[in-house]
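Asks: build me a model:
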Amino acid sequence: MSKFQLPDLSYAYGALEPYFDQETMTIHHQKHHQAYVDNLNKAVVGTGAEVIELQDILAEVSQYSPAIRNNAGGHYNHSLFWQILSATPKTVPTGKLAKEIDATFGSLDELKTRIKNAGLGQFGSGWSWLYIKYNGTLDVVATPNQDNPLMDTQLTSRGVPILGVDVWEHAYYLKYQNKRADYLDAFWSVLDWSAVEKQYEEVIDKLI
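Replies: I've put the predicted structure just below:
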């Protein structure tokens, strides 16, 4: 069995309608994400990365080929993306994460604006992230292609992502065409804050 595997979704492809359409979800998961997994398994052969965990590869990704960087990033990014979506999402954060969002950004609405603006400002393909810096604070950043804050190629914005929005056109074009802003607005209707809170707690526990 290959080391890296396509994760199953916890919901049906049509479960996120009308915000994310069934056709896009099917193609995005079965074709695009599967391609990153397949290409990553091919790229790591003979590199030593076959026995390294995905996050550890990303932490030293500058030592590997562009094929590993792109496909390891694509696999990690999409795996996180699927985890934080839900047909029955918790629509607002609570607890420690909510307090940290208010302390850092002033309000949840301001955080949403920051993430949307980062996504809109990303020229071409990429991602918009909410991530935890290694000092435990929150920040927002956009990255090109399949890069993310875990990568050592991120010189100024490094940390652990807990929320990511895919702004590659394959994530939204069938439904939203060139209206990336509408897609970014729709994202909040299927984002499950309970999943983001779980990511936050796990990362914070490791940093303490």
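Asks: when you work out contacts or count neighbours from here on, use the C-alpha atoms and nothing else.
Replies: Will do.
Asks: setting the sequence-adjacent residues aside, check what's closest to the residue positioned nearest the centre of the chain.
Replies: Centroid check for the chain by Cα atoms, centre = their mean gives residue 164 as the closest residue, at 3.3 Å. Among residues not flanking residue 164 along the chain, residue 129 sits closest, at 4.5 Å (Cα to Cα, 6 or more residues apart in numbering).
Asks: could you report the separation of that neighbour from residue 165?
Replies: To residue 165, residue 129 is 7 Å away according to Cα to Cα, to the nearest Å.
Asks: now the host helix or strand of the residue nearest to residue 164: average pLDDT?
Replies: Per DSSP states H and E, residue 129 falls inside strand 126-133. Summarised as a single mean, pLDDT over strand 126-133 is 98.
Asks: sheet-wise, list the partners of that strand with their directions.
Replies: Sheet partners assigned to strand 126-133 using DSSP bridges are listed as strand 138-144 (antiparallel), strand 159-166 (antiparallel).
Asks: and for the last one, what's in contact with it?
Replies: Contacts of strand 159-166 from elsewhere in the structure, counted by Cα atoms under 8 Å, 6 or more residues apart in numbering, are 77-78, 80-81, 84, 119, 126-134, 148-150, 184, 187, 196, 199-200, 203.
Asks: make a PyMOL selection of whichever of those residues turn out to be buried.
Replies: In PyMOL, a selection of the buried entries from the contacts of strand 159-166 looks like this (16 or more other Cα atoms under 10 Å):
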select buried, resi 77+78+80+81+84+119+126+127+128+129+130+131+132+133+148+149+150+184+187+196+199+200+203
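Asks: now the residue located most distally from the centre of the chain: how far from residue 60?
Replies: Outermost residue of the chain with respect to the C-alpha centroid, by Cα atoms, centre = their mean, is residue 46; its distance is 27.8 Å. Residue 46 sits 17 Å away from residue 60, going by Cα to Cα.
Asks: do the same with residue 99
Replies: According to Cα to Cα, residue 99 stands 32 Å off from residue 60.
Asks: just residue 9 next, same as before
Replies: For residue 9, the distance to residue 60 - Cα to Cα - is 28 Å.
Asks: give me every residue that touches the residue nearest to residue 25 when sequence neighbours are not counted.
Replies: Leaving aside its sequence neighbours, residue 25 sits nearest to residue 13 (Cα to Cα, 6+ apart; 5.5 Å). Applying Cα under 8 Å, 6+ apart to residue 13 gives the contacts 21-23, 25-26.
Asks: residue ranges with poor pLDDT in the chain?
Replies: Scanning the chain for pLDDT under 70 picks out 1, 208.
Asks: rerun that using 90 as the cut-off
Replies: Applying pLDDT under 90 to the chain flags the ranges 1-2, 50-51, 155, 206-208.
Asks: which helices and strands sit right next to the helix ranked longest in it?
Replies: Of all segments of type helix in the chain, defined using DSSP state H, the longest is helix 66-83. Judged by 3 or more Cα pairs under 8 Å, 6 or more residues apart in numbering; DSSP states H and E, helix 66-83 is in contact with helix 34-43, helix 54-59, strand 159-166.
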